[in-house]
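# Structure for the following, please:
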Amino acid sequence: MNERSITYLSDAFLITCVLQKELAEDVLAAAKNIGAQGATISYARGTGIRERMGLLGVTIDEQKEVIRIIVSEEQANLVFEAMYLAGKLDTPGMGIMYMVKLDRVATYVPQAILNAVN
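Okay, here's the model as predicted:
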């Protein structure tokens, strides 16, 4: 019987970016250009500051796109900055981003890569 084991990755961060709809592709392209390997994109409906922004004459769409990317510690700050700028998050009402350190990550890692690391 083949012995199964889990390979844990450490020094990883999760970047989550909540954006106005139809911006995810540009933000994802910016992250990939820096070296991010992939992402999960989901759709959500937002609430909160939207009502206050509407009072100021700015219409904020409640439909959101949520991007989640796991990156290495070395990539984290560069990917975060690229995503922030691509999503125009320095503009009121465009969205929010945050990054958290992950305790451990597990996924399939080819044996050739494991051998190269060890």
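# going forward, measure contacts and count neighbours with C-alpha atoms only.
OK.
# where are the low-confidence patches of this protein?
Where the chain drops to pLDDT under 70, the residues are 1-2, 48-61, 118.
# Show me where this protein has its strands.
Listed in chain order, the strands of the chain (DSSP state E) span 8-9, 12-20, 40-45, 63-72, 95-102, 105-106.
# which of those strands sits most buried?
Compared across the strands of the chain, strand 12-20 shows the largest average neighbour count, a mean of 22 (mean count of other Cα atoms under 10 Å).
# What is that strand packed up against?
If you count contacts as 3 or more Cα pairs under 8 Å, 6 or more residues apart in numbering; DSSP states H and E, strand 12-20 packs onto strand 63-72, helix 73-86, strand 95-102.
# residues making contact with that strand?
61-73, 76, 80, 83, 87, 94-105 (Cα atoms under 8 Å, 6 or more residues apart in numbering).
# burial of residue 115, as a residue count?
Residue 115 has 8 neighbouring residues, counting by other Cα atoms under 10 Å.
# Could you do residue 79 as well?
Considering only other Cα under 10 Å, residue 79 is surrounded by 23 other residues.
# give me every residue that touches residue 9.
Residue 9 sits next to 104-106 when contact means Cα under 8 Å, 6+ apart.
# of all those, which comes closest to residue 28?
residue 105 (20.9 Å; Cα to Cα).
# Residue 29 is nearest to which of the strands of the chain?
Across the strands of the chain, closest to residue 29 is strand 63-72 (Cα to Cα), at 11.6 Å.
# Please name the strands paired to that closest one in the sheet, noting orientation.
Using DSSP bridges, the strands paired with strand 63-72 are strand 12-20 (antiparallel), strand 40-45 (antiparallel).
# Now tell me what touches it from outside.
11-24, 28, 36-46.
# ok, now stretch 29-45?
24, 28, 62-71, 75, 78-80, 82-83, 86.
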